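Student: Pasted the sequence and its predicted model underneath.
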Amino acid sequence: MDIIFRNATIITDGLEMTGDLAVRDGVVKAIGDLSSMQAGCVVPCDGKVLLPGAVDLGLNLGDGGVFDPKTGASFAQATRHAALGGVTTLISAIELDEKIGPAASAKAQAETDMQRAFVDFGYHALLSSWGDNHDAFAREAVGAGISSFWLARNGAASVQPGSALLLAAVQKLPEESLAIASCWDASFCDKHARKNGNGDLYADDREAAFAASLESLADVGACRILLNGVSSARALESLAHAREVCNRIAASCQLTNLVYTEADGDAAPKVWPPLGTRADQQALYAAVEEGIVSAITSGHKPRASSELAAARSQRSLLVGAPALAHFIPALHSEGVLKWRLSLSGLSFAACAEPAKLAGLYPRKGSLQIGSDADIVVFDPSQACNGGDSDSFALSSIPNPYAALKLNGRVTDVFVRGQQVVDGGELTQNVQGAFLVRRLSLR
């Protein structure tokens, strides 16, 4: 064997066990009592937890809240943040060039990104409108391994209301694909309701109304639907009813809404969707445990200090925050240790369920024989200073967790058996891989 992790608490797919895990050729080969087995590298894990690498479906890596392929720095930095936070797979939105076609466009971008990625990655195809040419576009994208479509209205480029864009896309997208829509995009841009940063900026009734409207899609199309960034208790109640009518609906929430509430005031990042009440946050945790919310996403978007200062002066909110570098520690400290989230619930919502939505399970998001050796060694006894991250020191991007004392630390991270974090520090000799994805029809 190449690597053996000795005497670890292994958390995966809702199961918890104590034992060893062996890796060969980048995949998991054995789990259990492997005391008689030898390996080139032995990682002692007494008192530590082994988790599958987290899978993040909700990144914002460029202007307009999505990844700008012309900007290399955002992508490279995001993958560094991800590795430090225990996230080994990123799926980011990308605007594919329709002139050369989605397959050629994605291949060209992937070849560039593989040279600067610390973790594995894939793409959502960004669509801001739906026209006659998009039927063929979607089929080619799915054939090229891009099986998810981020439906985002980005300013002047969008001519359809958010709800109309979602309806048009769901009717035409292939069955083996995923349509991603955001509550704030569809319900707020449609109403032109962006206001100053006061309490009526993100009314619960609008978010709830949009979640409830998804019931109408039960008999429309066949693709799966992901409601991105649910943030309020009222929306969760509407979502639960909608899921009873339409079993193709899944939902995600953002990490910042699980860590902060509006009661944290200036200590919390000013993000969109705005932070909810403590009751909203507790409802989110309960929804994660119950499976109503299937995935926790980072909503990661690097922001320069000047950009944040301008937003504060205008009393406006920004989409996303740099939330990847402390992803697993924040969930453990704010969720598990406060009895709001179980370790198995963390593994489901940060690893297994996002991998299923991405069309990557059980290759990703799971520690079972044959899975990629994407492994996070987590020490729950070590403190993790939210401000202690070399990744933030590489730029002027403010750290939203600088004031937090997180309990639990990512000590080592492996991607396909390659160590990308060693003792909490990034290694340098790694290369992420572009992931060709296929969603199951089941």
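Tutor: Yes, it's here.
Student: where along the stretch 101-250 of the chain do the strands fall?
Tutor: Counting by DSSP state E, counting those that start in this stretch, the stretch 101-250 of the chain has strands at residues 120-127, 148-151, 178-182, 224-228, 249-254.
Student: now the closest residue to residue 94 other than its chain neighbours: how far from residue 285?
Tutor: Leaving aside its sequence neighbours, residue 94 sits nearest to residue 123 (C-beta to C-beta, 6 or more residues apart in numbering; 4.4 Å). All C-beta spots, glycine's among them, are computed from the backbone N, C-alpha and C. Distance from residue 123 to residue 285, counting by C-beta to C-beta, to the nearest Å: 30 Å.
Student: surely residue 123 meets residue 107?
Tutor: No: taking contacts as C-beta atoms under 8 Å, residue 123 lies outside contact range of residue 107: 10.7 Å.
Student: Please identify which of these two sits among more neighbours.
Tutor: The neighbour comparison of residue 123 against residue 107 (other C-beta atoms under 10 Å) goes to residue 123, with 30 against 14.
Student: Count the neighbours of residue 182 for me.
Tutor: With other C-beta under 10 Å as criterion, residue 182 counts 28.
Student: and what of residue 11?
Tutor: Residue 11 has 23 nearby residues by other C-beta under 10 Å.
Student: Bridge partners for it, pull those for me.
Tutor: Beta bridges link residue 11 to residue 16, judged by DSSP bridges.
Student: what's the strand or helix carrying residue 420 packed up against?
Tutor: Secondary structure from DSSP states H and E places residue 420 in strand 418-422. With contacts taken as 3 or more C-beta pairs under 8 Å, 6 or more residues apart in numbering; DSSP states H and E, strand 418-422 sits against helix 72-85, strand 405-415.
Student: That one vs helix 72-85, what angle?
Tutor: Angle of strand 418-422 versus helix 72-85, following axes from the mean of the first three to the mean of the last three C-alpha atoms, to 10 degrees, is 80 degrees.
Student: which neighbours does strand 418-422 have in its sheet, and in what orientation?
Tutor: strand 405-415 (antiparallel), strand 425-426 (antiparallel).
Student: which residues touch the spatially most central residue of the chain?
Tutor: For the chain, the residue nearest the mean C-alpha position is residue 56 (2.3 Å; C-alpha atoms, centre = their mean). Counting by C-beta atoms under 8 Å, 6 or more residues apart in numbering, residue 56 touches 82, 87, 89-91, 297-298, 300, 324, 327, 354.
Student: Of these, which belong to strands?
Tutor: 87, 89-91, 297 (DSSP state E).
Student: picking up where we left off before, would you mind finding the most buried of the strands of the stretch 101-250 of the chain?
Tutor: Highest mean neighbour count of these: strand 148-151, a mean of 28 (counted as mean count of other C-beta atoms under 10 Å).
Student: what are the pairing partners of that one, and which direction each?
Tutor: In the sheet, strand 148-151 lines up with strand 120-127 (parallel), strand 178-182 (parallel) (DSSP bridges).
Student: re earlier: which of the ones in strands among the contacts of residue 56 sit farthest apart?
Tutor: Using C-beta to C-beta, these span at most 12.0 Å, a distance reached by 89 and 297.
Student: neighbour-wise, which of these two wins?
Tutor: Comparing residue 89 with residue 297 by other C-beta under 10 Å, the one with more neighbours is residue 89, at 29 against 26.
Student: how many neighbours does the residue lying closest to residue 416 once chain neighbours are set aside have?
Tutor: Distances taken as C-beta to C-beta, 6+ apart put residue 26 closest to residue 416, at 4.0 Å, once the chain neighbours are dropped. For residue 26, the neighbour count with other C-beta under 10 Å is 16.
Student: Give me the distance between residue 26 and residue 180.
Tutor: Applying C-beta to C-beta to residue 26 and residue 180 gives a distance of 29 Å.
Student: ditto for residue 285
Tutor: Distance of residue 285 to residue 180, computed by C-beta to C-beta: 22 Å.
Student: circling back to that earlier point, nearest to residue 237, out of the strands paired with strand 148-151?
Tutor: strand 178-182 (18.6 Å).
Student: For that closest one, give me every contacting residue.
Tutor: When contacts are defined by C-beta under 8 Å, 6+ apart, strand 178-182 is touched by residues 57, 124, 147-152, 162, 165-166, 169-170, 173, 223-229, 357-359, 439.
Student: re earlier: turn the contacts of residue 56 into a markdown table, columns for distance to residue 233 and pLDDT.
Tutor: Converted to a markdown table, the contacts of residue 56 look like this (distance: C-beta to C-beta, whole Å; pLDDT from 0 to 100):
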| residue | distance to residue 233 | pLDDT |
| --- | --- | --- |
| 82 | 30 | 92 |
| 87 | 27 | 97 |
| 89 | 30 | 97 |
| 90 | 29 | 95 |
| 91 | 28 | 94 |
| 297 | 19 | 94 |
| 298 | 22 | 88 |
| 300 | 25 | 80 |
| 324 | 26 | 85 |
| 327 | 24 | 93 |
| 354 | 23 | 96 |
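Student: What is the nearest of these to residue 247?
Tutor: Nearest to residue 247 among the contacts of residue 56: residue 354, at 18.4 Å, using C-beta to C-beta.
Student: Deepest-packed of the helices and strands packed on strand 418-422, please.
Tutor: Among these, highest average neighbours (mean count of other C-beta under 10 Å) belong to helix 72-85, with a mean of 24.
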